[in-house]
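Asks: for reference, the sequence and a predicted model appear below.
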Amino acid sequence: MPNQTKNLFIVLISLTLTLFIGCFNSSSLTHSSTSSNLSNTESKHIASSAQLPNFALPIDCNLEQDCFIMHYVDRDPSSKAIDFGCGRQTYDGHKGTDFGISDLAVMKTGVPVLATASGTVLRVRDWMTDALVDSPEKKQAIKNRECGNGLVIDHGNGWETQYCHLRRGSVIVEPNEQVEKGAILGMVGASGLASFPHIHLNVRKDGQIIDPFVGVNSSPGCNQPLNSLWSEPLDYKPTGLMSAGFAPKQPTQTEIWSGLYKETQLSADIPILAFWVHAYGVLSGDVEKWTLIAPNGKVVYNEDGALERSYRSWLAYIGKRKIFPGVWQGKYQLWRDQSLIFEVNREVLVN
């Protein structure tokens, strides 16, 4: 750890989201089949391209601006996990695509969940509490209801979509109701087995899980021909920024997911001034570059370092004790193979 001053420190918190994050199919909302991959034999019954649906996004947001894809379908039939881009933004047995938002505060403002295609609502649940699952006890409490609040839509010709983790009390459709593509179904939530607010989308054909980024008749694994089922092309984005800001103490993942520390003004009496960054999909060897600039223009911290491990979720911060009034600036960059992945600049007024 660099030792530019005894009043400055850096902390890196790795958050793998492997134990409690989950979007499972073992609930009353799901189809009885849970197979996540298609063999060549199983795929022969899939409809021709003329019958293939085109799915819209299941969330009303701008990808990589106010939402992101945290997890893709796991395409490895073994106990290992790999996404369609040969990356690690998935986990063993994950059968859908997770569209996330930054925190619970954004969730409470209302982010609509949308029907990806027209169809008939089959099943609905809307009574479960939104609560981030961060302990074995909480995980056990929602056993067999991991999908949380959600619904299933029948699109005809054996196609179904399932939507999980909606906000309690937000579902506005009922069984047997006809919905059009793009219709509002409810709001993004954190019900069921969810460690962050998001909408989990399953796509199924005749009970078999389909990866919408790859399409039908595909073999397990990555490096497969891509016959996307999305209405519009979606770029593969395995790494990105979720949120960033300043905090008056060392932030925790629970606090960040809860939506704390978005202040643009802080008191000079706080114990520390912490500049934090919450990202997803960082890889071993990625280089972080941190800069902290005092109100007088002095650079009090300017260092970089390579990550030793890969993480699906990554929270890190630098902190400064004994601060003084004025506008402080924090700058962060993430580099991979000498290419800039993303950068973020934040300011806070200390008074």
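Replies: Sure thing, it's come through.

Asks: what about the helices in the stretch 51-200 of the chain?
Replies: 104-109, 136-141 (DSSP state H, counting those that start in this stretch).

Asks: buried residues in the last one, which are they?
Replies: By neighbour count with 16 or more other C-beta atoms under 10 Å, helix 136-141 contains the buried residues K139. In this view, the C-beta of every residue, glycine as well, is placed from N, C-alpha and C.

Asks: for D76, give me its contacts.
Replies: Taking C-beta atoms under 8 Å, 6 or more residues apart in numbering, we find D76 in contact with 82, 92, 220-221.

Asks: could I get those residues as JSON lines with neighbour count and pLDDT?
Replies: Formatted as JSON lines, the contacts of D76 follow (neighbours: other C-beta atoms under 10 Å; pLDDT from 0 to 100):
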{"residue": "I82", "neighbour count": "21", "pLDDT": "95"}
{"residue": "D92", "neighbour count": "14", "pLDDT": "94"}
{"residue": "P220", "neighbour count": "15", "pLDDT": "93"}
{"residue": "G221", "neighbour count": "14", "pLDDT": "93"}
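
Asks: now the two most distant members of the residues you listed.
Replies: With C-beta to C-beta as the measure, no two of the contacts of D76 lie farther apart than D92 and G221, at 14.1 Å.

Asks: for the stretch 51-200 of the chain, which segments count as strands?
Replies: Applying DSSP state E, counting those that start in this stretch to the stretch 51-200 of the chain gives strands spanning 68-71, 97-100, 112-114, 119-125, 149-156, 159-166, 178-179, 184-187, 198-205.

Asks: could I get those strands as a markdown table with mean pLDDT and mean neighbour count?
Replies: Below are those laid out as a markdown table (pLDDT from 0 to 100; neighbours: other C-beta atoms under 10 Å):
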| stretch | mean pLDDT | mean neighbour count |
| --- | --- | --- |
| strand 68-71 | 97 | 24 |
| strand 97-100 | 98 | 24 |
| strand 112-114 | 98 | 22 |
| strand 119-125 | 98 | 18 |
| strand 149-156 | 98 | 22 |
| strand 159-166 | 98 | 26 |
| strand 178-179 | 98 | 15 |
| strand 184-187 | 98 | 22 |
| strand 198-205 | 98 | 26 |
